[in-house]
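Engineer: coords please:
(chains A, B, C and D)
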Number of protein chains: 2
Amino acid sequence: MLKYSRQRESIKKFLMTRTDHPTAETIYENLRKEYPKISLGTIYRNLSLLTDIGEIQTISTGVGPDRFDGNAKPHYHFICKHCGQVIDLKMQGLEHINLLAQHEFPGIIEGHSVFFYGSCEECMRQEK
Amino acid sequence: MLKYSRQRESIKKFLMTRTDHPTAETIYENLRKEYPKISLGTIYRNLSLLTDIGEIQTISTGVGPDRFDGNAKPHYHFICKHCGQVIDLKMQGLEHINLLAQHEFPGIIEGHSVFFYGSCEECMRQEK
DNA sequence: TTATAAAATAGTAATAATTATCATTATTGG
DNA sequence: CCAATAATGATAATTATTACTATTTTATAA
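Structural biologist: Numbering: from 1, shown residues only, chains lettered A, B, ... in the order given. This next block holds a predicted model:
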């Protein structure tokens, strides 16, 4: 049974105000301003719980620590190869690729995760 | 400048014989039979190097340790939510999704990585 | 071949990210 | 209000990976 906690609400609220998919560490540093005694374990525990109940998204980019997204609606992310920042993409859903994957696969495809890679606008300029 | 190493060749060769995308630890346990003194650091160093030069693929699933794939050609993977195994999918390339992502994005989309999730054949049977 | 420079190794320590443990505190339903 | 239990903070432990270093191996070329 889930009980209310101020810390959890703050984590959720903080994530909602951000569009840059912060790490657990960043969330920790920021929430310490409001809750100087908050523990990193509390951050991780709640991020995991919120992900489980579908209120936020955990983004495992494969490089560096996990990032967290207060927008639980399905959408896709871009990861800059140069600066590492994670950016939301405005694009339609790709549900059709599940069917392509299902075609010759004997199990059940229930979903997918997609990351796009390349150079973000700023890094693109600097390269030239 | 790259120099030959028996250990590196063995790691590559081992990966080529496997279709199950082993972890660094699994590779280590197996190569110890041939090289009892091989170090886990050597495994990691070479897996990273082989990935950099495009001879193998590193698969970061986001759950558990990275997995490695001796097949460097682009292809997609399925990850079973229940048993965690990683399976190669027989399906066409999805290059068109890069264009969909590029459409409203000011940077440059160079590539993507896709994982499909669901139940593998065995786990699907056990659920019923 | 042998001398030498560079690269790779084994062994080990260190780091980064995350999870577990546990005594205490907060929340909730009756 | 009170008991049950969920959540917390503090800390230890674990997991996965990378860094360091003395030694060994490989490539080059005299």
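
Engineer: domains of chain A?
Structural biologist: Residue ranges for each domain of chain A read A:1-71, A:74-128, as given by automatic domain parsing.

Engineer: how far does the longest one sit from its chain's centre?
Structural biologist: Centroid displacement of domain A:1-71 relative to its chain, using CA atoms, centre = their mean, to the nearest Å, is 10 Å.

Engineer: still on that earlier bit, what would the domains of chain A look like in a markdown table with mean pLDDT, mean neighbour count and distance to residue B:119?
Structural biologist: All C-beta atoms are positioned from the backbone trio N, CA, C, and that covers glycine. As requested, the domains of chain A are exported to a markdown table (pLDDT from 0 to 100; neighbours: other CB atoms under 10 Å in any protein chain shown; distance: least, CB to CB, whole Å):
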| stretch | mean pLDDT | mean neighbour count | distance to residue B:119 |
| --- | --- | --- | --- |
| domain A:1-71 | 97 | 15 | 19 |
| domain A:74-128 | 94 | 16 | 5 |
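
Engineer: now the ones you listed as JSON lines including distance to residue B:89?
Structural biologist: Output for the domains of chain A, formatted as JSON lines (distance: least, CB to CB, whole Å):
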{"stretch": "domain A:1-71", "distance to residue B:89": "19"}
{"stretch": "domain A:74-128", "distance to residue B:89": "5"}
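
Engineer: which one of these lies closest to residue B:86?
Structural biologist: domain A:74-128 (12.2 Å; CB to CB).

Engineer: out of the domains of chain A, which gets nearest to residue B:45?
Structural biologist: So among the domains of chain A, domain A:1-71 is nearest, using CB to CB, at 17.3 Å.

Engineer: now the end-to-end length of the closest one.
Structural biologist: 24 Å (CA to CA, to the nearest Å).

Engineer: does chain B sit close to that domain?
Structural biologist: Yes: Domain A:1-71 comes into contact with chain B (CB under 8 Å from any CB of the partner chain), by way of A:58, A:60-63, A:66.

Engineer: which single one of those residues is nearest to DNA strand C?
Structural biologist: Nearest to DNA strand C among those is residue A:66, at 3.3 Å by CB to the nearest atom of the strand.

Engineer: rewinding a little: farthest pair within the residues of domain A:1-71 next to chain B?
Structural biologist: Distance extremes for these: the farthest pair is A:58 and A:63 at 14.9 Å, using CB to CB.

Engineer: for residue A:2, helix, strand, or coil?
Structural biologist: State at residue A:2, reduced to three classes by DSSP: H, G, I helix; E, B strand; the rest coil: coil.

Engineer: what do you get for residue A:105?
Structural biologist: Strictly by three-state DSSP, residue A:105 counts as coil.

Engineer: how much space is there between it and DNA strand C?
Structural biologist: Residue A:105 sits 28 Å away from DNA strand C, going by CB to the nearest atom of the strand, to the nearest Å.

Engineer: any idea which helix or strand comes after the single longest strand found in chain A?
Structural biologist: If you go by DSSP state E, chain A has its longest strand at strand A:108-119. Downstream of strand A:108-119, the next assigned helix or strand under DSSP states H and E is helix A:121-127.

Engineer: what's that next one in contact with?
Structural biologist: A:80-83, A:119, B:106-108 (CB atoms under 8 Å, 6 or more residues apart in numbering or on different chains).

Engineer: can I get that helix in CSV, CA atoms only?
Structural biologist: C-alpha atoms of helix A:121-127 as CSV (Å, rounded to 0.1, in the frame of the first residue of the first chain):
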residue,chain,number,x,y,z
GLU,A,121,22.2,22.2,-32.9
GLU,A,122,25.0,23.8,-30.7
CYS,A,123,27.5,21.1,-31.2
MET,A,124,26.8,21.0,-35.0
ARG,A,125,27.7,24.7,-35.2
GLN,A,126,30.9,24.2,-33.2
GLU,A,127,32.1,21.4,-35.5
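
Engineer: right, I'll call it a day here.
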